[in-house]
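[1] sequence and predicted structure, then a few things I'm wondering about:
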Amino acid sequence: MKIAVVTGASSGIGKEFVKKLAEREEFEQIWIIARRKDRLLDLELKYGQKIVPFALDLTNFDDLESVKLELENQNPEISLLINCAGFAKFGKYDEIAVEDSLKMVDLNCKALIYLSEICVPFMKEGSKILQVDSIAAFQPIPYLNVYGATKAFVMNYSLALDKELAKKGIRVYALCPGWTKTEFFDNAGNENGAVTKFGRFFTAEEIANYALKKIKNSKKVLLIPSFKNKLLAVAVKILPKNFIMNTWLKQQNHK
């Protein structure tokens, strides 16, 4: 049985991936994972029996373990894993509850590692892992500091894991979009005005279409939509980190 696994599937980019994958005949099942059971059931109702919902909290280790047990019981061939689950909080370090900061690490990093590494034994040559990362991975970001740091981790983890899995013929990609119109902003909160300038917004559909097209044959691990963001990724490698952070602060009206 050939399957795809999508986390963060109940909204935003993850939901858009489910929509695109459901149209493909190559997957016998699409395992969708998120906390909100009602939304997962709506997707199952909309796209049919190939959708297999798992209402789980991926910051909970027991819930993560349940995915591993289901894989061992079903023994599917995982053709594609999309780790899309993640969240951010805007604000100064002392405006964000430390519990929320730690949950960002748990979901954005720990759960992503766990899902990636339990899925690999069920993959064959040609299988792919797509980590939904962020353009934030390329620079330290005041007032978004923990989120940016988790995404930097995802980027470097993906680059290294892709090298390690090369002999198996399994590819790992890190998708690094810019700001995207999703519920990300509802969860991140910005009542304190920590971030005031966003620039261009992508749609979830644009990002999903771009990623699915690129993973067909891209030799690069880092997938960065838009020429402007590609330039940013290059610039932050060359310019001093302090200059980059000060420029960001000025853009956001922090003096």
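    Sure, I can see it.
[2] show me the helices in this protein, by range?
    12-22, 37-47, 61-74, 98-105, 112-119, 145-164, 184-188, 204-214, 227-238, 241-251 (DSSP state H).
[3] so which of these gets nearest Trp31?
    Trp31 lies closest, by C-beta to C-beta, to one member of those: helix 61-74, at 8.1 Å. Heads up, the C-betas are built off the backbone N, CA and C, glycines and all.
[4] got the contact list for that closest one?
    1, 33, 54, 56-58, 78, 111, 114-115, 118-119, 122 (C-beta atoms under 8 Å, 6 or more residues apart in numbering).
[5] now the angle between helix 112-119 and it, please.
    20 degrees (axes from the mean of the first three to the mean of the last three C-alpha atoms, to 10 degrees).
[6] now helix 61-74: buried residues?
    63-64, 67, 71 (16 or more other C-beta atoms under 10 Å).
[7] what is the nearest of those residues to Arg24?
    Using C-beta to C-beta, these come closest to Arg24 at Leu71, 20.9 Å.
[8] what count of nearby residues applies to the nearest residue to Ile113 once chain neighbours are set aside?
    Closest residue in space to Ile113, ignoring its immediate chain neighbours: Tyr157 at 6.9 Å, by C-beta to C-beta, 6 or more residues apart in numbering. As a burial measure, Tyr157 scores 18 neighbours (other C-beta atoms under 10 Å).
[9] could I get the contacts of helix 61-74 as JSON lines with pLDDT and neighbour count?
    Formatted as JSON lines, the contacts of helix 61-74 follow (pLDDT from 0 to 100; neighbours: other C-beta atoms under 10 Å):
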{"residue": "Met1", "pLDDT": "92", "neighbour count": "10"}
{"residue": "Ile33", "pLDDT": "98", "neighbour count": "28"}
{"residue": "Phe54", "pLDDT": "98", "neighbour count": "18"}
{"residue": "Leu56", "pLDDT": "98", "neighbour count": "20"}
{"residue": "Asp57", "pLDDT": "97", "neighbour count": "17"}
{"residue": "Leu58", "pLDDT": "97", "neighbour count": "24"}
{"residue": "Ile78", "pLDDT": "98", "neighbour count": "23"}
{"residue": "Ala111", "pLDDT": "98", "neighbour count": "26"}
{"residue": "Tyr114", "pLDDT": "98", "neighbour count": "17"}
{"residue": "Leu115", "pLDDT": "98", "neighbour count": "23"}
{"residue": "Ile118", "pLDDT": "98", "neighbour count": "18"}
{"residue": "Cys119", "pLDDT": "98", "neighbour count": "22"}
{"residue": "Phe122", "pLDDT": "98", "neighbour count": "18"}
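[10] list the buried residues of stretch 103-121.
    For stretch 103-121, by 16+ other C-beta under 10 Å, it's 103-112, 114-116, 118-120.
[11] what comes into contact with it?
    5, 7, 58-59, 64, 67-68, 71, 78, 81, 83, 85-89, 129, 131, 146-147, 150-151, 153-154, 157, 161, 165, 168, 170, 172.
[12] and what of stretch 147-165?
    86-89, 104-105, 108-109, 112-113, 116, 120, 129, 131, 133-134, 136-141, 171-174, 176, 221-222.
[13] what do you get for stretch 244-255?
    139-143, 194-197, 235-236.
[14] Ser11 is in contact with Glu183, isn't it?
    Yes - using C-beta atoms under 8 Å, Ser11 makes contact with Glu183 at a distance of 4.9 Å.
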